[in-house]
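Student: Provided below for reference: sequence and predicted model.
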Amino acid sequence: MVVNAPLFLARHDIHGFLNKHAEWISTRLLAAREHRFEWRDGAPLPYLGGHLILELLDQPGPARARRDGAALLCNATPARAPALVLRWYQRHARALLGERLAHHAARAGLAMPPLRLSNARTRWGSNSAKGVISLNWRLLKAPPEAIDYVICHELAHFKQRNHSPAFWREVGILFPDWKKIRGELRQNGRLYFQF
């Protein structure tokens, strides 16, 4: 565990703070451990609101990950699997998110905006001042309706560059069920950030 503190804070003050909040810190650390993803054969990988099963194959041939039905076959050692699986997710996210962005932009009467994949740890998407839509590759783990909601949310920013009531009306035009899906994404989103 790493503790960050201001440089001027005395060591005994830091220890005092840690002792005072030890139970809370312990609870948080335990919760974080419970939600840590374990890279093992048979691990469920969230995918489009369901799961793929990770199958680790340590066979001759190139190290790669590929989908086979409900399985993601990863020809690699457990140590190399995370990088291959993440690359697989990102490659497929670019294709699917680009397709959904093009679909919703056309529905909104907008030209296809430039798409950038994001690796943000807390945000699903953004719309830059230059009109570049950034979408988190982890959206590939969420149900398709959550992907569509995030995309419509970002497209609504072309008309309203804020989160005013007028903005939410724009979101409602593009995605009428936004409140329900937004709530579900908030509830389940932490699971998508495990890796």
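Tutor: Nice, thanks for sending it over. These figures come from a predicted structure and were not determined experimentally. Numbers count the residues shown, from 1 in each chain.

Student: Kindly provide the distance from the spatially most central residue of the chain to W124.
Tutor: Central residue of the chain (C-alpha atoms, centre = their mean): R138, 3.0 Å from the mean position. Plainly put, R138 is 8 Å away from W124 if you go by C-beta to C-beta, to the nearest Å. C-beta: built from backbone N, CA, C; applies to glycine.

Student: repeat for F37
Tutor: On the measure of C-beta to C-beta, F37 and W124 end up 19 Å apart.

Student: Could you list the low-confidence segments of this protein?
Tutor: 26-35 (pLDDT under 70).

Student: what do you get if the cut-off is 90, keeping everything else the same?
Tutor: Applying pLDDT under 90 to the chain flags residues 1-36, 58-61, 76-79.

Student: Helices of that one, residue ranges please.
Tutor: 11-20, 22-34, 81-107, 144-156, 165-174, 178-192 (DSSP state H).

Student: With respect to burial, which of the ones you listed scores highest?
Tutor: helix 144-156 (a mean of 23; mean count of other C-beta atoms under 10 Å).

Student: what's that helix packed up against?
Tutor: If you count contacts as 3 or more C-beta pairs under 8 Å, 6 or more residues apart in numbering; DSSP states H and E, helix 144-156 packs onto helix 81-107, strand 125-127, strand 133-136, helix 165-174, helix 178-192.

Student: Relative to A142, which of those is closest?
Tutor: helix 178-192 (6.0 Å; C-beta to C-beta).

Student: contact partners of that closest one?
Tutor: Contacting residues not belonging to helix 178-192 are listed as 35, 46, 124, 138-139, 141-143, 145-146, 148-150, 152-153, 168, 171-172, 175 [C-beta atoms under 8 Å, 6 or more residues apart in numbering].

Student: Understood, closing this out.
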